[in-house]
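A.B. asks: Here is a sequence together with a model predicted from it:
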Amino acid sequence: MALIYVTRAIPPVGIDMLREAGHEVDVSEKDGVLTKEELHQAVSAKPYEAVLSLLTDTIDGEFMDAVPTAKIIANYAVGYNNIDVSAATERGVVITNTPGVLDDTVSEFAFSMMLAIAKRISEADRFTRAGKYEGWAPQLLLGSDLQGKTLGIVGAGRIGSGVAKRAKFGLGMNVCYTDIKQSEKLEAEVPCQYHSTLHELLKSADVISIHVPLLESTKHLFSTAEFAAMKDSAYLINTSRGPVVDEVALVEALRNKTIRGAALDVFEDEPALKPGLSELDNVILTPHIASASQETRDKMSSMASQNIIDFINGQTPANVVEVK
């Protein structure tokens, strides 16, 4: 039997797996994110051998030193920018994540955001609820058609490729993309054009969908210069990581109609929004729910738990994160 700590309530399928495997599992009872002090106090309360963490937890060397008995930290997320993987390697701690499981779900969500902002669906919903609808009018809330327009994918990984497929084969959009290298896999699956630089893509795309990890090189990848390079009729979709977009610059670009609209599921300083963002009509804001389907969140729960079970049983977990 192993002692396992889960930093926040997750779908019970994974917790049940751990307990059925004979392990003792403690789950944070707080309805929300634990502060740094609360987190360190919780994991140091017992000699936990494993921690199941969330993307909202800061897992650094100080955290690991607070629970030196834990030799695996299973992140309930695909991303792991909340974890200092080098510090884990130095301490002999294995880090795992939950890749692949949410690709289709996030691709669907990004695709739906693209439609919603172009068709002004959220804006129209607010308009109607506010009692402003007085009857059909020929120029009421005119949006944009997407068929035949160009989608620019920034980051041609599994999720970006999923959005590209839906746009090309679902709406008949033209697709271009940029990444650190050309993707033969994507080009074999979807007729598309590769741009070696972001600015080449910005000039040609009518919709831009971001699918890059958060790295030093991608922080504020989109800022004033990038918005100025986009078409004034273009839309920006971000379901990747909030700090990839300079929110202050985005507010100005939206306010000044430098670009036509944006749809964001992630934010620079979650859960806070930069001043002015929520006041704009030409932006859709959702609370980091791109992977929030029951099916996907259950799979994430079971995958993170299986990583722990395998490790405790002396096996190599399927989803070990390596130092890059």
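C.D. replies: All right, it came through fine.
A.B. asks: so what pLDDT did the residue nearest to Q294 when sequence neighbours are not counted get?
C.D. replies: Closest residue to Q294 apart from its sequence neighbours, by Cβ to Cβ, 6 or more residues apart in numbering: P11 at 7.7 Å. For every residue, glycine as well, the C-beta is placed using N, CA and C. In this prediction, P11 carries a pLDDT score of 97.
A.B. asks: how near is N82 to Y177?
C.D. replies: 27 Å (Cβ to Cβ, to the nearest Å).
A.B. asks: who's more crowded, the two?
C.D. replies: Per other Cβ atoms under 10 Å, whichever of N82 and Y177 has more neighbours is Y177, with 27 against 16.
A.B. asks: per the record, what domains does the protein have?
C.D. replies: For the chain, automatic domain parsing gives the domain ranges 3-101+294-312, 103-285.
A.B. asks: Can you mark which positions in stretch 224-244 are buried?
C.D. replies: Neighbour-count burial for stretch 224-244, counted by 16 or more other Cβ atoms under 10 Å, picks out 226-227, 229-231, 234-244.
A.B. asks: Which residues are in contact with V101?
C.D. replies: With contact set as Cβ atoms under 8 Å, 6 or more residues apart in numbering, V101 has these partners: V78, T296, K299, M300, M303.
A.B. asks: just the buried residues of stretch 224-244 now: which is nearest G143?
C.D. replies: Nearest to G143 among these: Y235, at 10.2 Å, using Cβ to Cβ.
A.B. asks: Narrow the buried residues of stretch 224-244 to those in strands?
C.D. replies: Y235, L236, I237, N238 (DSSP state E).
A.B. asks: Just tell me which of the domains of the chain ends up closest to A318.
C.D. replies: Of all the domains of the chain, domain 3-101+294-312 sits nearest to A318, with 6.8 Å by Cβ to Cβ.
A.B. asks: Skipping its backbone neighbours, what lies nearest S196 in space?
C.D. replies: In space, S196 is closest to T178, 7.1 Å off (Cβ to Cβ, 6+ apart).
A.B. asks: Quick check: that neighbour touching L202?
C.D. replies: No: the pair T178 and L202 fails to qualify as a contact (Cβ atoms under 8 Å) at a distance of 9.1 Å.
A.B. asks: which residues do those two both contact?
C.D. replies: In contact with both T178 and L202: G152, using Cβ under 8 Å, 6+ apart.
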